[in-house]
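1. I need the structure of the sequence given here:
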Amino acid sequence: MKRAHFRLQPVLELRRTEERAAAAAAAEAATAAADADRRATDYETTLASAVLPGRCRPVSSWPR
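-> Predicted structure coming up:
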């Protein structure tokens, strides 16, 4: 029986391509996570520095 000739080069190239794609996806995910963390921090800062308005007049005293 004749054995099929196995070529390693295409397999190695595919592996490198997949590794590059995985690294790019990981970098994109890290950037997105950092952006989300920054937005959450900004939101929390905004909430923490919010000042409630002064006392409001009761509805019964509003002009008609």
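2. Tell me which stretches of this protein form helices.
-> Using DSSP state H, the helices of the chain run over residues 8-49.
3. Any stretches of this structure with poor pLDDT?
-> 1-4, 51, 53-59, 64 (pLDDT under 70).
4. what sits against the residue nearest the centre of it?
-> In the chain, the C-alpha nearest the mean C-alpha coordinate belongs to residue 32, at 2.9 Å (Cα atoms, centre = their mean). Shown in contact with residue 32 (Cβ atoms under 8 Å, 6 or more residues apart in numbering): no residues. To be clear about C-beta, it is placed using only N, CA and C from the backbone, and glycine gets the same treatment.
5. where's it relative to residue 46, distance?
-> 21 Å (Cβ to Cβ, to the nearest Å).
6. Near residue 62, how many residues? Count them for me, please.
-> Residues lying near residue 62 (other Cβ atoms under 10 Å) number 8.
7. For residue 13, give me its contacts.
-> By Cβ under 8 Å, 6+ apart, residue 13 has no neighbours at all.
8. ditto for residue 20
-> Contacts of residue 20 by Cβ under 8 Å, 6+ apart: none found.
9. could you measure it against residue 14, distance?
-> 11 Å.
10. Equivalent analysis for residue 47, please.
-> The separation that residue 47 has from residue 14, given Cβ to Cβ, amounts to 49 Å.
11. And for residue 46?
-> 48 Å.
12. Repeat that for residue 41.
-> Residue 41 is 41 Å from residue 14, by Cβ to Cβ.
13. Same check on residue 27?
-> Residue 27 is 21 Å from residue 14, by Cβ to Cβ.
14. just residue 37 next, same as before
-> The value you get for residue 37 to residue 14, if Cβ to Cβ is used, is 35 Å.
15. Residue 33 too?
-> 28 Å.
16. Likewise for residue 24?
-> Relative to residue 14, and taking Cβ to Cβ, residue 24 is found at 16 Å.
17. again with residue 21
-> 11 Å.
18. what's the answer for residue 31, then?
-> 26 Å.
19. go on, residue 40?
-> Separation of residue 40 from residue 14 (Cβ to Cβ): 39 Å.
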